[in-house]
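Asker: show me how the following folds:
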Amino acid sequence: MEATIKSASTCERLFDRYHTYTQRPTIADPRVRSALFASFGRMLGPWLPKDRGHGILDVACGEGSLLCYLREQGYTNLAGCDLSPENVAICHALGLERVRCWNALRLGEMPGLKRYRSIFAMDMIEHLPKAEAAGFLETLRHLLEPGGSVVLQTPNMGSLYGCYHRHYDLSHEFGLTERSAHALFLVAGFAPDRIEIRPAWNATTALGRLREVYLRAVHRLLFLGEGAGRPLIPTKNLLIRGSVK
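Answerer: Numbers count the residues shown, from 1 in each chain. Take a look at the predicted model:
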């Protein structure tokens, strides 16, 4: 008897029960909440809107950690979407009712969209097919209000840990370096002088900051032979912001 082969792709199966398969910690654990919120504050603080009423969209918001952090910081106009029904259910349980189950590649079709001052897409662009990445970023750019910005976090392929984090998640499709990240934002229509790329330093303890010092030193030593073209950012992730006037 011939076995029946399911038609769902590997990624479709993974995203259907993403939280179950990945077992990522959530802010239901007070220790996780404290560590994540402190990390968000260090990484994203300078890039958050000054006006707490400005619209913020979190694309592929996962279990809602960033949205909960923003809510705690006093931001009131928050929305999000995620492809995983499990993640969306977790968000709703946390009181994040304006989170939809939606495919980011069809974001332009999502009901209720408006213009946003900030759009976050943290740890998600690496899950998209590379052929779709520029179009996705262009969609985000068109959803920005004047003076708005898109902020991405993605694994840094110029890091010592780049290969590991590129393949850490079964659904990762491609990775970026500082140079290719800049090129991606350019082809998505962001002006060269409106693109910023910086390290995702996120340690919040003395031991964590000591590890960061160690990472800087080892990174510089390892890439001495690469010359002027060597990667400058040692962190495992890149933070990238593209803004519009």
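Asker: tell me who's in contact with the most centrally placed residue in the chain.
Answerer: Computing the C-alpha centroid of the chain and ranking residues by CA atoms, centre = their mean puts residue 122 first, at 1.0 Å. Residue 122 makes contact with 58, 60, 62, 66, 151-153, according to CB atoms under 8 Å, 6 or more residues apart in numbering. (Glycine included, C-beta is placed from N, CA and C.)
Asker: repeat that for 10 Å
Answerer: Residues in contact with residue 122 (CB atoms under 10 Å, 6 or more residues apart in numbering) are 40, 43-44, 58-62, 65-66, 151-154, 200, 237, 239.
Asker: okay, and which of these map to helices?
Answerer: Of these, the ones assigned to helices by DSSP state H are 40, 43-44, 65-66.
Asker: and which of those is nearest residue 161?
Answerer: Of all those, residue 161 sits closest to residue 43, with 16.8 Å by CB to CB.
Asker: roughly how far does the residue nearest to residue 161 when sequence neighbours are not counted sit from residue 168?
Answerer: Nearest-residue entry for residue 161: residue 236, 4.5 Å, with adjacent residues in sequence omitted and distances by CB to CB, 6 or more residues apart in numbering. Per CB to CB, to the nearest Å, residue 236 is found 10 Å from residue 168.
Asker: which of those two has more residues huddled nearby?
Answerer: Neighbour totals were compared for residue 236 and residue 168, and residue 236 leads with 18 against 13 (other CB atoms under 10 Å).
Asker: show the subsequent helix or strand relative to the longest strand along the chain.
Answerer: Ranked by number of residues, the top strand in the chain under DSSP state E is strand 144-155. Counting by DSSP states H and E, the next helix or strand C-terminal to strand 144-155 is helix 162-167.
Asker: extract the C-alpha trace of that following helix and format it as CSV.
Answerer: C-alpha atoms of helix 162-167 as CSV (Å, rounded to 0.1, in the frame of the first residue of the first chain):
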residue,chain,number,x,y,z
GLY,A,162,26.9,33.7,11.8
CYS,A,163,26.7,30.2,10.2
TYR,A,164,25.3,28.7,13.4
HIS,A,165,22.5,31.3,13.7
ARG,A,166,21.8,31.1,9.9
HIS,A,167,21.0,27.4,10.3
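Asker: quick one: low-confidence parts of the chain?
Answerer: 1-6 (pLDDT under 70).
Asker: quick one: the helices in it?
Answerer: Using DSSP H, the helices of the chain run over residues 10-16, 18-22, 30-44, 65-72, 85-93, 130-142, 162-167, 178-187, 206-222.
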